[in-house]
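Student: test case, fold it:
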Amino acid sequence: MAQVSVSASNGEMTIRVAGRFDFNVHKEFRAAYEQTLGGGSVPAKYIIDFGATEYIDSSALGMLLMLRERAGKGAHIVIVHCNQEIKDILGISNFNKLFNIE
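Tutor: Presented below is the predicted three-dimensional model:
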């Protein structure tokens with residue numbers, strides 16, 4: 001079972017996904033960033049932490065694109081702590097052109 005957790009400080013929002021990042025967590029993932037966007041205090045930087053993420057699928061890619069769209073074109077979104085398999089999926093999908101991947 002996957003878990004999505006959120007922390008925010010100094011204008012940065014970190015969203016951590018533990019387990020499988022797939023359609024089963026779409027509500028939790030969306031709620032993680034919507035609560036801030038709806039509250040009026042838009043973060044200067046979004047950090048998506050995949051340190052505890054085992055797997056992502058195409059729906060996860062779609063969720064990342066939705067975050068990017070909702071955050072706006074000027075949003076700084078960084079994806080961190082990817083295992084090699086996730087890095088490969090993001091690379092094949094050309095997400096390195098849309099997001100900073102560290």
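
Student: what is the distance between the helix-or-strand element of the chain with minimal mean pLDDT and the centre of its chain?
Tutor: Least confident helix or strand, the chain: helix 26-39 with a mean of 83, by mean pLDDT, DSSP states H and E. On the basis of Cα atoms, centre = their mean, to the nearest Å, helix 26-39 sits 11 Å off its chain's mean C-alpha point.

Student: what does stretch 56-63 give?
Tutor: Put simply, stretch 56-63 sits 10 Å off its chain's centre (Cα atoms, centre = their mean).

Student: do stretch 60-69 as well
Tutor: With Cα atoms, centre = their mean, you get 7 Å for stretch 60-69.

Student: how about it: buried residues?
Tutor: Within stretch 60-69, the residues that qualify as buried are Ala60, Met63, Leu64, Leu67, Arg68, counting by 16 or more other Cβ atoms under 10 Å. Where you see a C-beta, it was placed from the backbone N, CA and C, and this is true even at glycine.

Student: now do stretch 74-90
Tutor: Ala75, Ile77, Ile79, Cys82, Ile86, Ile89, Leu90.

Student: how much space separates the first one from Phe50?
Tutor: It stands for Ala75. 18 Å (Cβ to Cβ, to the nearest Å).

Student: swap in the second one?
Tutor: When Cβ to Cβ is applied, the distance between Ile77 and Phe50 equals 13 Å.

Student: check the fourth one too.
Tutor: From Cys82 over to Phe50 the distance is 5 Å, taken as Cβ to Cβ.
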